[in-house]
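S.K.: compute the structure for the input listed below.
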Amino acid sequence: QVQLVESGGGLVQAGGSLRLSCAASGLPFSTRTMAWFRQSPGKERQFAAQISPIRGNTRYADSVKGRFTISRDNAKNTVYLQMNSLKPEDTAVYYCAAARSSYYSGSLESADIVSWGQGTQVTVSS
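M.R.: Numbers count the residues shown, from 1 in each chain. As a prediction, this is how the structure comes out:
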């Protein structure tokens, strides 16, 4: 049974930082692209960042590029999202996601995801 367990969310002031973690089990972690999506109230779940399994190639949504950094530790089956210079519009539930495969030529979409975490709330106050 696949489990993705996020941690690290919380309340932070604008301009602050948070680091999200996602511990994975029950899947071949080192062979899967991993990602973070986010969902704000009243909006669809949106892609934020992804990282390939071996080379660690990354891709970001334009809205987070230059402020967020995704990384992974295959030895610990964990993926991270370092979020800096946070803005109120970053407020959302953040979901860890495991993709179906190891290689994607573009940004992931929800249809590419086979497993989701339960989500962790990030709130940025102005």
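
S.K.: where does the prediction get shaky in the protein?
M.R.: Judged by pLDDT under 70, the chain has no weakly predicted residues.

S.K.: against V122, how distant is the residue nearest the centre of it?
M.R.: Nearest to the geometric centre of the chain sits W36, at 1.9 Å (CA atoms, centre = their mean). Note on W36: its distance to V122, by CB to CB, to the nearest Å, is 11 Å. The C-beta positions use only the backbone N, C-alpha and C, and glycine is treated the same way.

S.K.: hey, what's in contact with both of the two?
M.R.: Taking CB atoms under 8 Å, 6 or more residues apart in numbering as the contact rule, W36 and V122 both touch 20, 94.

S.K.: and the closest residue to K76 other than its chain neighbours, what are its bridge partners?
M.R.: Excluding its sequence neighbours, the residue lying closest to K76 (CB to CB, 6 or more residues apart in numbering) is A23, at 7.7 Å. Counting by DSSP bridges, A23 is bridged to V5, T78.

S.K.: hang on, A23 packs against F29?
M.R.: No. With contact defined as CB atoms under 8 Å, A23 does not count as touching F29 (9.7 Å).
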